[in-house]
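S.K.: Build the 3D model from these lines:
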Amino acid sequence: MSAVVNGGIEQLATGLSFTEGPVWLAEHACLLFTDIPGNAILRWSENRGVSTWMENAHFAIGLSRDQEGRVLSCEHSRRCLSALSLGPDGRLAGREVLAGSHEGRVLNSTNDVICTSEGTVLFTDPPFGVRTLVGELHGYQQAQEIEGAFVFAVGEGPDAPHPVVTDIYRPNGLCLSPDEKVLYVSDSSTTHHKVIAFDYASGTASNARDFAVMPVGVPDGMRVDAEGRLWVAGGDGVYVWDAEGRQVAHVPVPEMVTNLEFGGPDLSDLYITATTSLYRVATTTRSGRAW
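M.R.: Numbers count the residues shown, from 1 in each chain. From the prediction side, this is the model:
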């Protein structure tokens, strides 16, 4: 196994309900992440620890950033994707809905989101937030209006997202290779529990193929590093595959991992959201984000 981490795992916070969606804000040297049942976006920094960044966050789950520096927020209770603007001090300054319906039907429950170097915003829309099984956990229970679960690209208005991938049963986490030629999407279902790769160009995904099967639990959030390796949240830790689909590492975590993010001064620290806690581990690589 490749030595991709440098030292042990560190617990930064615990006692939370169900954490998700870490995103690093380099200009403010802090991490934002969500506590879904707590209905809040939280902020962690080395100096202040954990504080509340946004209350009544509409049961937000996945977070990312767009090219304007706004925080992209997948909001379960409003079943939409929003862009949250930041003030000079890093505090919440405004909110704009980017996607809320498709062909006149409200979205399922937006889950994870990324932005390409060209500014295209892609997001997954599985029915996790509307199904009976987790209706109480995510704060509400409503009917699913769209038949299927898609990967969408944000369009010209909130009612105009267009499908990019339509044939994954439960699309959840997603990310792009460093050169943005490969799109990875996790199928977080007990039936499949695998990562699927697509050729990606100009907003189009093609040539679907199975990339990796999660050994424990289901694959959730994902990131790529500078060498093109794929880091995937799993049932008992973080699993790492190289660009050819060979598993090269497993980073054990004492709780089920939901998502992860590279951050820190040189983007080499891996922040891990895992059920009730936030963890950090130093890596021997750095973020492979293309911009």
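S.K.: My guess is Val97 contacts Arg79. True?
M.R.: No - with contact defined as C-beta atoms under 8 Å, Val97 does not reach Arg79; the gap is 10.5 Å. Every residue, glycine included, has its C-beta placed from N, CA and C.
S.K.: Mind telling me what element Val50 is part of?
M.R.: Following DSSP states H and E, one finds Val50 within strand 49-55.
S.K.: State the mean pLDDT of that strand.
M.R.: Averaging pLDDT along strand 49-55 gives 98.
S.K.: repeat for stretch 164-172
M.R.: Mean per-residue pLDDT for stretch 164-172: 95.
S.K.: Counting neighbours, which bits of that stretch end up buried?
M.R.: Within stretch 164-172, the residues scored as buried using 16 or more other C-beta atoms under 10 Å are 164-165, 168, 170-172.
S.K.: what about that stretch, start to end distance?
M.R.: One end of stretch 164-172 sits 14 Å from the other (C-alpha to C-alpha, to the nearest Å).
S.K.: Farthest pair within the buried residues of stretch 164-172?
M.R.: Distance extremes for the buried residues of stretch 164-172: the farthest pair is Val164 and Arg170 at 15.9 Å, using C-beta to C-beta.
S.K.: List the contacts of the residue nearest to Arg209 when sequence neighbours are not counted.
M.R.: Counting by C-beta to C-beta, 6 or more residues apart in numbering, Arg209 lies nearest to Ala197, which is 5.6 Å off, once chain neighbours are set aside. Each residue near Ala197 by C-beta atoms under 8 Å, 6 or more residues apart in numbering is listed here: 182-184, 208-211, 245.
S.K.: Beta-bridge partners for Ala197, please?
M.R.: In this entry, Ala197 is beta-bridged to Tyr184, Arg209, by DSSP bridges.
S.K.: And it, how far from Thr124?
M.R.: To Thr124, Ala197 is 15 Å away according to C-beta to C-beta, to the nearest Å.
S.K.: the strands in the stretch 51-200 of the chain, which residues?
M.R.: Listed in chain order, the strands of the stretch 51-200 of the chain (DSSP state E, counting those that start in this stretch) span 60-65, 71-75, 80-86, 92-99, 101-102, 105-106, 113-115, 121-124, 151-153, 162-165, 171-176, 182-187, 194-201.
S.K.: quick one: the last one to strand 171-176, angle?
M.R.: Which is strand 194-201. 40 degrees (axes from the mean of the first three to the mean of the last three C-alpha atoms, to 10 degrees).
S.K.: Render the CA-only coordinates of strand 194-201 in PDB, please.
M.R.: Listed next in PDB are the C-alpha coordinates belonging to strand 194-201 (Å, rounded to 0.1, in the frame of the first residue of the first chain):
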ATOM      1  CA  LYS A 194     -19.400   1.500  -6.400                       C
ATOM      2  CA  VAL A 195     -17.700   4.500  -8.100                       C
ATOM      3  CA  ILE A 196     -18.400   5.000 -11.800                       C
ATOM      4  CA  ALA A 197     -16.100   6.900 -14.100                       C
ATOM      5  CA  PHE A 198     -17.100   8.900 -17.200                       C
ATOM      6  CA  ASP A 199     -15.200  10.700 -19.900                       C
ATOM      7  CA  TYR A 200     -16.100  14.400 -19.400                       C
ATOM      8  CA  ALA A 201     -15.800  17.200 -21.900                       C
END
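S.K.: Show me what counts as buried in that strand.
M.R.: Buried-residue list, strand 194-201, by 16+ other C-beta under 10 Å: 194-198, 200.
S.K.: which regions of the stretch 151-291 of the chain sit below the pLDDT cut-off?
M.R.: 290-291 (pLDDT under 70).
S.K.: Quick one: end-to-end distance for stretch 3-13.
M.R.: End-to-end span of stretch 3-13 (C-alpha to C-alpha): 26 Å.
S.K.: pLDDT (mean, whole number) over it?
M.R.: Averaged across stretch 3-13, pLDDT comes to 95.
S.K.: Mind listing what's buried along it?
M.R.: Those would be 4-5, 9, 13, for stretch 3-13 by 16+ other C-beta under 10 Å.
S.K.: Out of those, which sit inside strands?
M.R.: Counted as lying in strands by DSSP state E, out of the buried residues of stretch 3-13, are Ala13.
S.K.: follow-up on the earlier one: between Val97 and Arg79, which is the more surrounded one?
M.R.: Arg79 (25 against 15; other C-beta atoms under 10 Å).
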